[in-house]
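Enquirer: fold the following.
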Amino acid sequence: MMQPPPQTPEKSSGAPLIEPLIAILGPTASGKSALAVHLAHRFAGEVIACDSAQVYRGFDIGTGKPTPAERGGIAHHMLDVVGPGELFTAGEYRLRALDVLADLRRRRRLPIFTVGTGLYLRALLEGLADAPARSEALRARLAVSATRRGGQHLHRLLRRLDPAAAARISPNDRQKIVRALEVCLLASKPMTAVLQDGRKPLPGYFPVKIGLHPPRAALYARIDRRVQTMLERGWVREVQALLAGGAPPAAKKPFEFIGYRELRAHLEQATPLAEAGKAIAQATRRYAKRQLTWFRKEAGVHWFPGFGDDPKIFAAVAVEIEKACPESFAPGKFSR
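Expert: Down below sits the predicted model:
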């Protein structure tokens, strides 16, 4: 069971008040948004998206952004904050989310995060190390070296520079290997050491982490239905409009998101729509599995075996939140 923080600072002590922060974790299509809206109505909260895809403007249907009707009159934050050609990092997410939290604290509203991207939540709660910025020149040199010496060369190099990182990263995960080498070479020390230095945990809050873990068969069936519903709502038209919107699509990171790359192939290479739909559903199921793998490593999560839009799950989650931090939900604590 989740426990409240070990002590609540006295107002007269000068220390910042410790307040709850609700984080709803779960795979795509598990009902995080629906649960967040229910909780926001009950506990006078507002919803903060914690998702690396939903920050992009114009990418709406396929990223699962809640529609105005689905938001139920509750304010939602961290949606549509950057254009499709802009780079957005976990560090940038943390900075912007801190501004949102400060505003909610002033207005006495409970922050409720819907977490699809575990790295963003970790960046917010635990802070980020002061790691070197991306270097395209260094990455190009590493790519040339890998081409000349074979696919396993970069992982062997990482084993020499940072054995601990090499043990964590699969030899087949080229993206993570390159980033680890980049940090090692630019910082002149192992990435493992860099990541251990300079983190600044989130002050003034204690997280109440709620996990949704529906049965796999039910989740996969819902994913299949959801993909079909998204296509019926006009997902193809959305992609057409984005492709016609200006910058070369190849330069836009969001076009690598699940569904957008398949529908782009449908429009540009005449891939049958039915085939694209099946590919999207399959990729989404795999993504849901990866999300759960990440979230299961998160400490302090109280798991519920169902969907967030199930009234029984909502009722159980609400009880758990009140048990975890009873003093926080005394009358008048948050504005209604």
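
Enquirer: what is the burial count for Leu87?
Expert: The number of residues packed near Leu87 is 8, by other CB atoms under 10 Å. Where you see a C-beta, it was placed from the backbone N, CA and C, and this is true even at glycine.

Enquirer: so who does it touch?
Expert: Lys253 (CB atoms under 8 Å, 6 or more residues apart in numbering).

Enquirer: tell me the pLDDT at it?
Expert: pLDDT recorded at Leu87 is 83.

Enquirer: which parts of this structure are helices?
Expert: Along the chain, counting by DSSP state H, helices occupy 32-43, 68-71, 90-106, 118-126, 136-149, 153-161, 163-168, 174-187, 191-196, 216-232, 235-243, 260-269, 273-296, 311-324.

Enquirer: tell me, how many neighbours does the nearest residue to His266 once chain neighbours are set aside end up with?
Expert: Take His266 and drop its neighbours on the chain: the residue closest to it by CB to CB, 6 or more residues apart in numbering is Ala276, 4.3 Å away. Look at Ala276: counted by other CB under 10 Å, it has 23 neighbours.

Enquirer: likewise for Ile280?
Expert: Neighbours around Ile280, by other CB under 10 Å: 26.

Enquirer: with Val183 instead?
Expert: 25.

Enquirer: residues contacting the closest residue to it other than its chain neighbours?
Expert: Nearest residue to Val183 in three dimensions, chain neighbours excluded: Met191, at 4.1 Å (CB to CB, 6+ apart). Contacts of Met191 were listed using CB under 8 Å, 6+ apart, and they are Ala131, Asp162, Ala165, Arg179, Ala180, Val183, Cys184.

Enquirer: where does the stretch 201-336 of the chain dip in pLDDT?
Expert: 246-251, 328-336 (pLDDT under 70).

Enquirer: still on that earlier bit, now render the helices of the chain as TSV, adding distance to Asp51.
Expert: Shown next, in TSV, are the helices of the chain (distance: least, CB to CB, whole Å):
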stretch	distance to Asp51
helix 32-43	9
helix 68-71	15
helix 90-106	9
helix 118-126	7
helix 136-149	26
helix 153-161	29
helix 163-168	24
helix 174-187	19
helix 191-196	23
helix 216-232	15
helix 235-243	17
helix 260-269	14
helix 273-296	11
helix 311-324	20
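
Enquirer: just those: most buried one?
Expert: helix 32-43 (a mean of 23; mean count of other CB atoms under 10 Å).

Enquirer: one step back: can you say which of the helices of the chain is nearest to His77?
Expert: helix 90-106 (4.7 Å; CB to CB).

Enquirer: outside of that closest one, which residues touch it?
Expert: Counting by CB under 8 Å, 6+ apart, 19, 21, 46, 48, 50, 52, 55, 77-78, 81, 110-111, 119-120, 122-124, 127-128, 202, 204-205 sit against helix 90-106.

Enquirer: now swap in stretch 230-247 and tell me
Expert: For stretch 230-247, using CB under 8 Å, 6+ apart, the contacting residues are 58-62, 84-85, 249, 252, 255, 259-260, 263-264, 266-268, 273, 277.

Enquirer: from Ala53, how far out is the residue positioned nearest the centre of the chain?
Expert: Nearest residue to the geometric centre of the chain (CA atoms, centre = their mean): Thr117, 1.7 Å. Per CB to CB, to the nearest Å, Thr117 is found 8 Å from Ala53.

Enquirer: same thing with Arg106?
Expert: From Arg106 over to Ala53 (counting by CB to CB), the distance is 29 Å.

Enquirer: quick one on the thing from earlier: any chance of the contacts of Met191 in CSV, plus distance to Phe307 and pLDDT?
Expert: Output for the contacts of Met191, formatted as CSV (distance: CB to CB, whole Å; pLDDT from 0 to 100):
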residue, distance to Phe307, pLDDT
Ala131, 37, 77
Asp162, 41, 93
Ala165, 37, 92
Arg179, 35, 91
Ala180, 37, 92
Val183, 39, 92
Cys184, 42, 92
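
Enquirer: neighbours around the residue nearest to Leu110 when sequence neighbours are not counted, how many?
Expert: Nearest residue to Leu110 in three dimensions, chain neighbours excluded: Gly45, at 3.5 Å (CB to CB, 6+ apart). For Gly45, the neighbour count with other CB under 10 Å is 22.

Enquirer: residues contacting Gly45?
Expert: Applying CB under 8 Å, 6+ apart, the residues contacting Gly45 are Ile22, Ala36, Leu39, Ile74, Arg109, Leu110, Pro111, Ile112, Phe334.
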